[in-house]
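Give me coordinates for this.
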Amino acid sequence: MQHFPIFLDLAGRRVVLAGGGETAVAKLRLLLKTEAHLTVFATDPCAEIEAWAEAGRLRLVRRTFGPGDALCAALAYAAEDDPEADARTARLARADGALVNIVDNLKGSQFITPAIVDRDPVTVAIGTEGAAPVLARAIKRDLEERLPAGLGVLARIGKAFRAAADRLPMGRARRDFWADYYFDAGPRALAKGEETVRPALDRLLEVHAGRRPDAGRVAFVGAGPGDPELLTLKARRALDTADVVIHDRLVTPGILELARREAVLIAAGKEGFGPAVAQADIDALIVEHARAGAHVVRLKAGDPTVFGRLDEEIAACEAHGIAFSIVPGITAASAAVAGIGQSLTRRGRNSSVRFLTGHDVAGFADHDWKTLAAPGEVAAIYMGKRAARFVQGRLLMHGADPDTPVTVVENAGRTDQRVIALRLSELEPGLTAATVTGPALILYGLAPRAAETALADLPDLKEAAL
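Presented below is the predicted three-dimensional model:
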């Protein structure tokens, strides 16, 4: 992020602009919505600027911008439609200590003016750092259609009511009050007329002031394979209201970005045969924050019900009388098989599919290898990178066909997904040679219909890659 988005208080502060044509008018239409003291320097101002000056909405100086004209100014705009004149204005304004914007010159500007959706006092600013102004305008148009015109009225009345709402305890009690106002009581009152909104606020405050503090609760939420677009709507809502998010190592930064800004983020990752936060410590964290009254989101990669130690964490909640809910997510097997253009089951091939783990708390996990080695069987093997040679040996030992297709999907469902197509006899050393560093799932019995392969540097395995 090159440009840091902020909202600058311009009430009573100087803003200067050099230019008198259409470019200047476009900027002034926006600046006139602020409470700034505007001064325009133009030798030949257009009629619209003259009219604003006559109405007292800005001060018009009929000359070229000069040294000292930006003293004590918060912002300065160069909008003269002449590169040399704009460069001169920018140089002089910087010397006076003002932040400078040269219209349509991103490189020469110290700040940029974003596209704005105005529902005063609610303001949405959209910036693309100059990369795609057309896209910014399209987003602006879309938001203007989605945000009701009455939103500004609700926000204005709500702003005047904030001192009264301070009688509620800070934190969740106040957030719940304002959520009820903006998304329920407020819109219903506004539909009857603006004069009914304030009385509705008074009644709502009495209701919330009489409530007992909410007990803490826990939501076990599936984060899916890593792509934020694969989150469920319920998972998005849980993250948006969370006070504390306790997340796994495999939860991606893009998904953590969706958590409420004020939420406390706690990493509680595990890595097979590597560093890990003890399960007992994770259980204690969940209980500690929930008993303190927090809405805790226990965010697990994939689906929390699949190899997620969910029962242990639920037992900890039950032991302390803590309410909980489960929000399922897309498990890695679903994302992986979609990535290779296959189905986990198919008529005439397999009527069942097995979800296996490569290792458990005791080490490499044992399974019914004899049944799995039969022709046509399909399995999704989680946490199988380090157990690959063990799995390969057990299957071959129990009579599995060495030519059985095995597909390794790294970073399933993400933009950096990688598909490695092998045969069972090549699973190792093929997997090690492919240098798989991300989370990987092994699909036993399935070959990809179309795969991106990482085996270009492995001549002896090229034929196995599709």
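
after the helix or strand containing residue 409 comes which helix or strand?
For residue 409, the enclosing helix or strand under DSSP states H and E is strand 405-410. Helices and strands here follow DSSP H and E; after strand 405-410, the next one along the chain is strand 418-423.

Could you give the average pLDDT over that next one?
pLDDT averaged over strand 418-423 equals 93, rounded to a whole number.

repeat for stretch 249-264
In this model, stretch 249-264 has a mean pLDDT of 90.

Let's see the distance spanning it from one end to the other.
16 Å (Cα to Cα, to the nearest Å).

Identify each buried residue in it, please.
Neighbour-count burial for stretch 249-264, counted by 16 or more other Cβ atoms under 10 Å, picks out 250-252, 255-256, 258-259, 263. All C-beta atoms are positioned from the backbone trio N, CA, C, and that covers glycine.

now the residues you listed in CSV, with secondary structure?
Compiled in CSV, the buried residues of stretch 249-264 are given as follows (DSSP: H, G, I helix; E, B strand; the rest coil):
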residue, secondary structure
250, coil
251, coil
252, coil
255, helix
256, helix
258, coil
259, coil
263, coil
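
For the stretch 51-200 of the chain, which segments are assigned as helices?
Counting by DSSP state H, counting those that start in this stretch, the stretch 51-200 of the chain has these helices, from start to end: 83-95, 133-146, 151-160, 162-165, 172-180, 186-190, 197-209.

Out of those helices, flag the one nearest residue 62.
The stretch from these with the least distance to residue 62 (Cβ to Cβ) is helix 83-95; that distance is 15.6 Å.

and the closest one, average pLDDT?
On average, helix 83-95 scores 96.

Isn't residue 345 up against residue 337?
No. Counting by Cβ atoms under 8 Å, residue 345 does not reach residue 337; the two are 9.8 Å apart.

Of these two, give the one with the bigger neighbour count.
The residue with more neighbours, out of residue 345 and residue 337, is residue 337; 23 against 11, by other Cβ atoms under 10 Å.

now the more buried one, nearest residue through space, not along the chain?
The shortest distance from residue 337 to any residue other than its chain neighbours is 5.3 Å, reached at residue 344 (Cβ to Cβ, 6 or more residues apart in numbering).

Equivalent analysis for residue 335, please.
Sequence neighbours aside, residue 413 is the residue nearest to residue 335 in space, at 3.3 Å (criterion: Cβ to Cβ, 6+ apart).

What are the neighbouring residues in contact with the one you found?
The neighbourhood of residue 413, defined by Cβ atoms under 8 Å, 6 or more residues apart in numbering, consists of 224-227, 230, 330, 332, 335-336, 338-339.

do residue 43 as well
20, 62-64.

Top of those residues by number of neighbours, please.
For the contacts of residue 43, the largest neighbour count, defined by other Cβ under 10 Å, is 23 neighbours, found at residue 20.

Dihedrals phi and psi, the residue nearest to that residue when sequence neighbours are not counted?
For residue 20, the nearest residue in space outside its immediate sequence neighbours is residue 42; the separation is 2.9 Å by Cβ to Cβ, 6+ apart. Listed backbone geometry of residue 42 is phi -160, psi 130, with angles given as degrees, to the nearest 10.
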